[in-house]
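Asks: Coordinates for the following, if possible.
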Amino acid sequence: MKKPTRQTDRHVEAVLAALDVLECFLAQPTISTMEMMQTTRFTRNRVMRLTGTLTHRGYLMADPETGAFSTGPKIYALGKVFERNRVILSLIRPVLRDITLKTGESASFYVREGYERVVLAREEGTHAIRHAIAEGQRMDLHAGAAGKAILAYSPAEMVNIVLAKTGLPKRTAATITDKNRFLKELGNVRGQGYAVSIGERAVDVCALAAPVFEHGHELVGALCISGPINRFTSQIRKSYAELLLVAAMKLSRQLGWAQTGNDRDRRLPGDVQEGESSDGYRKKASA
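Replies: So this is what the prediction gives:
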């Protein structure tokens, strides 16, 4: 019996054709319609439809005098995103490895993508039984420590948009499904500087997550430790929270975060000032 084709293995011919057009620019920066036809073997009408669409969306630009095409601002913007992500990943992976080395648990870094969170980077734990997820995996924002950490430090209007779009679907008995209670939980996360999930997304998983910022105090994502609930005792959670906050602070500084005179009330979780204990400002931190 023939196996059904997975959605990830399906292809949209029009998208493939548009990518063929864009890949013409790997060989030269400016290409005429005729050169594009010769490279892709598409008809003139097809090339004109594809280039017209790509120009309309900013991926191509047409020279008004010659009619030749070059890459547009959207290509440049995507290139900058790719470059930024490479830099971020080069800094994140050593931090994840250090966390796993010190705890034996899995460490991950999540970013928000639309109405979901995505595993941008992952370091597997060393225990035989561990929390298993994959890089690129998408999850809810409302269920789990990393999602709550991301929403807690996102603008209020973004939180409202996400909740209006996705709601608070129940994933386990521990998932918070009441909006008022969830917003209060986000306030608690901001108060202690990190989020905790005990079986909110998966019944047997405990996780802690702390926000990571870059220059301008812009939120980048959330650093997370996760593993089986039975290993995350109250004392262990307290220890891991301290480790996580320090790691998140270190990573944020590497990404360009810096405290300014007007930023003291938004001090980065995990940052310690002169004459202050490491948990002196986290009065609400729970074990």
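
Asks: what mean pLDDT does stretch 112-131 have?
Replies: Predicted confidence along stretch 112-131 averages 91 (mean pLDDT).

Asks: Phi and psi next, for residue 115.
Replies: The phi and psi torsions at residue 115 (degrees, to the nearest 10) take the values phi -100, psi 20.

Asks: So that it lines up with my notes, have the first residue be 674 from now on.
Replies: Understood, numbering begins at 674; the last thing we discussed is residue 788.

Asks: Helices of the stretch 674-823 of the chain, residue ranges please.
Replies: In the stretch 674-823 of the chain, the helices defined using DSSP state H, counting those that start in this stretch lie at 686-696, 706-713, 717-729, 746-776, 818-825.

Asks: Would you mark the buried spots in stretch 817-836?
Replies: Using 16 or more other CB atoms under 10 Å as the test for burial, stretch 817-836 gives 817-827, 832, 835-836. C-beta coordinates here come from the backbone N, C-alpha and C atoms, glycine included.

Asks: Please identify the most buried of the helices of the stretch 674-823 of the chain.
Replies: When the helices of the stretch 674-823 of the chain are scored by mean count of other CB atoms under 10 Å, the highest mean neighbour count falls to helix 818-825 (a mean of 28).

Asks: contacts for that helix?
Replies: 781, 783-785, 790, 812-815, 831-832, 835, 858-860, 862-863, 867-870, 873, 880-884, 892, 894-895, 897, 899 (CB atoms under 8 Å, 6 or more residues apart in numbering).

Asks: residue closest to the middle of this protein?
Replies: Nearest to the mean C-alpha position of the chain, by CA atoms, centre = their mean, lies residue 784 at 1.2 Å.

Asks: Show the contacting residues for that residue.
Replies: Contact analysis of residue 784 by CB under 8 Å, 6+ apart lists 790, 791, 793, 823, 893, 894.

Asks: mind checking the backbone torsions on the nearest residue to it once chain neighbours are set aside?
Replies: Excluding its sequence neighbours, the residue lying closest to residue 784 (CB to CB, 6 or more residues apart in numbering) is residue 894, at 4.0 Å. For residue 894, the backbone dihedrals are phi 180, psi -160 (criterion: degrees, to the nearest 10).
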